[in-house]
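Enquirer: next come a sequence and a model predicted from it.
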Amino acid sequence: MIKEVYNYYFSPDKSLAKKLRSVLGYTPRRLSLYKLAFYHKSMNDAKTQKNQHNERLEYLGDAILSTIVAEYLFKKYPGKDEGFLTKMRSKLVKRKTLNRLANDMGLDIILSAYSQGRMSKSMMGNAFEALIGAIYLERGFKGTKDYVINEVLLKHIDIHELESMDDNFKSQLLEWGQKNSVNVDYKLVSKYKQDKRDRFKVAVMVGGDEVAKADDYNKKSAEQMASERALRKLNITSPVPQ
């Protein structure tokens with residue numbers, strides 16, 4: 001209790017502690033750990049120590065979040081098979097969903113303090129996963145599970161709407177290709193640096209012809225964006241709006 005009071009009222013990072021309390025419902029004890037969750041490696045300079053960014057916490061949070069969501073879905077849908085559960089988990093933990101959750105929860109306000117004006121959508125989801133990692137290290141699995149289910153899934157996700165939603169554009173395009181005996185491939189056009197981060201440009205090849213291109217900081221996200229553009233260009237379906 002003493003540590004929480006100090007962090008909230010007297011710590012040099014008390015502003016962060018107050019913002020986190022509005023998001024988490026409690027004041028963190030290990031405030032430096034949570035601060036690290038919002039620090040992206042692109043903000044590092046020559047004086048910054050190695051690993052003083054959120055990638056390790058993001059790695060941990062990703063694994064913990066996937067486990068919590070898997071257990072939640074397993075218990076919520078006792079009559080559903082493995083295929084349904086896998087698709088639902090993918091919808092919940094994919095980058096687009098995490099970016100939206102981070103924004104809905106107000107993490108963008110905290111992240112902007114460390115982004116130096118270079119904040120991207122993917123950084124939002126990364127910070128969310130890193131935050132889950134920080135919560136796990138301080139409060140353990142049960143505390144993290146309670147937070148994810150009660151404060152994230154139940155408050156920010158319409159699980160029934162998610163059941164019928166299909167915005168996996170790459171899957172839609174590949175299935176269309178299989179049904180129509182048309183070969184669909186993805187080609188990495190280029191990989192370059194932007195804001196000290198890798199960025200990927202991907203092209204969708206349909207029947208050997210380039211149909212659409214997209215680029216993003218995440219290769220899978222670039223493939224999804226390019227697939228959506230290809231679906232629209234080929235007038236195959238009406239993708240779910242971004």
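Expert: Alright, I've got the coordinates.

Enquirer: so how far is Lys19 from Lys170?
Expert: Counting by CB to CB, to the nearest Å, the gap between Lys170 and Lys19 amounts to 36 Å. To be clear about C-beta, it is placed using only N, CA and C from the backbone, and glycine gets the same treatment.

Enquirer: same deal with Tyr217?
Expert: According to CB to CB, Tyr217 and Lys19 sit 25 Å apart.

Enquirer: next: Phe84.
Expert: Distance from Phe84 to Lys19, by CB to CB: 37 Å.

Enquirer: those two: who's more crowded?
Expert: Lys19 (18 against 13; other CB atoms under 10 Å).

Enquirer: quick check: the more buried one touching Leu111?
Expert: No. Between Lys19 and Leu111 there is no contact under CB atoms under 8 Å: 10.4 Å.

Enquirer: for the closest residue to Glu151 other than its chain neighbours, phi and psi?
Expert: In this structure, Glu151 finds its nearest non-sequential neighbour in Gly25, 6.6 Å apart by CB to CB, 6 or more residues apart in numbering. Main-chain torsions, Gly25, degrees, to the nearest 10: phi 90, psi 0.

Enquirer: mind naming the longest helix for the protein?
Expert: Identified as the longest helix of the chain according to DSSP state H is helix 121-147.

Enquirer: just name whatever secondary elements whatever helix or strand comes next after that one is in contact with.
Expert: Remark: after helix 121-147, the chain's next helix or strand is helix 154-156, criterion DSSP states H and E. Of the remaining helices and strands, none touches helix 154-156 by 3 or more CB pairs under 8 Å, 6 or more residues apart in numbering; DSSP states H and E.

Enquirer: so for helix 154-156, mean pLDDT?
Expert: Averaging pLDDT along helix 154-156 gives 95.

Enquirer: kindly report the same for stretch 111-130.
Expert: 79.

Enquirer: where do the strands of this protein begin and end?
Expert: Along the chain, counting by DSSP state E, strands occupy 184-194, 197-206, 209-216.

Enquirer: and of those, who's closest to Tyr72?
Expert: Nearest to Tyr72 among the strands of the chain is strand 209-216 (28.3 Å), distances taken as CB to CB.

Enquirer: tell me the strands beside the closest one, with direction?
Expert: In its sheet, strand 209-216 lies beside strand 197-206 (antiparallel), with partners assigned from DSSP bridges.

Enquirer: give me the neighbour count for Ser221.
Expert: Counted with other CB under 10 Å, Ser221 comes out at 21.

Enquirer: for the helix or strand of the chain with the lowest mean pLDDT, packing partners?
Expert: In the chain, the helix or strand scored least confidently by mean pLDDT, DSSP states H and E is helix 107-115, which has a mean of 82. Applying 3+ CB pairs under 8 Å, 6+ apart, one finds that helix 107-115 contacts helix 14-24, helix 121-147.

Enquirer: residue ranges with poor pLDDT in this protein?
Expert: Residues of the chain meeting the criterion pLDDT under 70: 43-51, 115-119, 237-242.

Enquirer: any idea how far stretch 3-11 is from the middle of the chain?
Expert: When distances are taken as CA atoms, centre = their mean, to the nearest Å, stretch 3-11 is centred 30 Å away from the chain's centroid.

Enquirer: now for the longest helix of the chain, which elements pack on it?
Expert: Secondary-structure packing of helix 121-147 (3+ CB pairs under 8 Å, 6+ apart): helix 31-37, helix 55-76, helix 95-104, helix 107-115.

Enquirer: just want the angle from it to helix 14-24.
Expert: For helix 121-147 against helix 14-24, the angle by axes from the mean of the first three to the mean of the last three CA atoms, to 10 degrees is 60 degrees.
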